[in-house]
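[1] Give me a model of this one.
(one chain, ligands or ions: 1)
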Amino acid sequence: MPAPVAPAIAPTVPPAIPDAERAAFEARLRALQARYHIHHPFNQRMASGQCSRAQIQGWVANRFYYQVNIPLKDAAILSNCPDRATRREWVVRILDHDGSAAEPGGIEAWSRLGEAVGLTRAALWSQQMVLPGVRFAVDAYVNFARRAPWQEAVCSSLTEMFAPAIHQERLAGWPQHYPWIEAEGLAYFRSRIPLAQRDVEHGLRVTLEHFRTPAEQQRATQILQFKLDILWSMLDAIEKAYPE
Ligand SMILES: O=C(O)c1cc(C(=O)O)c2c(n1)C(=O)C(=O)c1cc(C(=O)O)[nH]c1-2
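    Numbers count the residues shown, from 1 in each chain. A predicted model of the protein is given here:
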């Protein structure tokens, strides 16, 4: 009688991915920078000082809808994530935007940007200026985070890899191009640079660990492209509503 075969025990720790493979995957994700909204014609006009006051106000009022939805998106990711260590690291993103007793937070900073460009708080908070295309695009992001496996939603946040450059671009250019914007209004962009870098460090760790096979990694690039398309569509809608 043959000796009984020991039952296979599922490994609790997945095998390590070779460093070179990981680096190649990360490089493929980073290469999608070419599709970032920093290259959108509206952003290029905004960055080179060609936007009117009405266009800047339209952009700020519409982007506010993105800002107020980011914490809902992050809460959706938390609600789908059974891993306590990940939740502990992720939850800070909600307070970054919503603020706390100690810090007014990103949404408040964006409201100040609104005032700095001449929008009243009522105009901003009423969301009356939010365009249908912007609403659809942002809602698609939140809905994706609600429905997708949490690691996929984490991957979709990785456009933040490219965000510090666009914040820097505004900090460097706006004071000279748009001297009518009160300088304190730009604090939001300054505050996001270190936060985006921290977020990306975490988001990349999750993504590089989770998407392993070529097919999974292909899926990750498609998810990142989907998110790039959301940001791009927002500017398409804004550009159409506020023509030159
Ligand atoms: O101003 C920008 O162009 C820009 C882009 C992005 C981005 O790439 O998703 C974010 C932000 N800003 C931002 O301020 C922000 O808080 C943020 C959070 C996220 C996200 O997906 O979780 N993206 C972004």
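[2] Pull the number of nearby residues for the closest residue to the ligand within the chain.
    Nearest to the ligand, among the residues of the chain, is Thr159, at 3.4 Å (Cβ to the nearest ligand atom). Every residue, glycine included, has its C-beta placed from N, CA and C. By other Cβ atoms under 10 Å, the residues close to Thr159 number 23.
[3] do Ala140 as well
    Ala140: 15 neighbours (other Cβ under 10 Å).
[4] where's it relative to Ser48, distance?
    Per Cβ to Cβ, to the nearest Å, Ala140 is found 29 Å from Ser48.
[5] Could you do Lys240 as well?
    For Lys240, the distance to Ser48 - Cβ to Cβ - is 20 Å.
[6] Tell me if stretch 179-189 is near the ligand.
    No - using Cβ under 6 Å from any ligand atom, stretch 179-189 never reaches the ligand; the gap is at least 7.2 Å.
[7] Mind checking the pLDDT average for that stretch?
    The average pLDDT within stretch 179-189 is 97.
[8] repeat for stretch 139-153
    Stretch 139-153 shows a mean pLDDT of 98.
[9] Show me which residues of this structure are close to the ligand?
    Residues of the chain found near the ligand (Cβ under 6 Å from any ligand atom) are Ile70, Gly106, Ser157, Thr159, Glu160, Phe162, Ala163, Ile166, Arg192, Leu231.
[10] Tell me the pLDDT of the fourth one.
    According to the prediction, Thr159 has pLDDT 98.
[11] name the element the residue nearest to it when sequence neighbours are not counted belongs to?
    Once flanking residues are discounted, Thr159 sits nearest to Lys227: 5.1 Å by Cβ to Cβ, 6 or more residues apart in numbering. Using DSSP states H and E, the element containing Lys227 is helix 214-241.
[12] same for that helix, what does it pack against?
    Judged by 3 or more Cβ pairs under 8 Å, 6 or more residues apart in numbering; DSSP states H and E, helix 214-241 is in contact with helix 19-31, helix 41-47, helix 53-80, helix 132-147, helix 150-156.
[13] relative orientation of it and helix 19-31 in degrees?
    10 degrees (axes from the mean of the first three to the mean of the last three Cα atoms, to 10 degrees).
[14] Give me the angle between helix 214-241 and helix 53-80.
    Using the same axes, to 10 degrees, helix 214-241 lies at 150 degrees relative to helix 53-80.
[15] could you give the mean pLDDT of helix 214-241?
    Helix 214-241 comes out at a mean pLDDT of 98.
[16] Give me the distance between that helix and the centre of its chain.
    Computed by Cα atoms, centre = their mean, to the nearest Å, the chain-centroid distance of helix 214-241 equals 11 Å.
[17] List the buried residues for that helix?
    Residues of helix 214-241 classed as buried: 217, 220-221, 223-224, 226-228, 230-239, 241 (neighbour count, 16 or more other Cβ atoms under 10 Å).
[18] And for stretch 63-80?
    Going by neighbour count (16+ other Cβ under 10 Å), the buried part of stretch 63-80 is 63-78, 80.
[19] got it, and stretch 99-114?
    Neighbour-count burial for stretch 99-114 flags Gly105, Gly106, Ile107, Ala109, Trp110, Ser111, Arg112, Leu113, Gly114 (criterion: 16+ other Cβ under 10 Å).
[20] per-residue pLDDT, the closest residue to the last one other than its chain neighbours?
    If you skip the residues right next to it in sequence, Gly114 has Leu124 as its closest partner in space, 4.2 Å away by Cβ to Cβ, 6+ apart. Looking at Leu124, its pLDDT reads 98.
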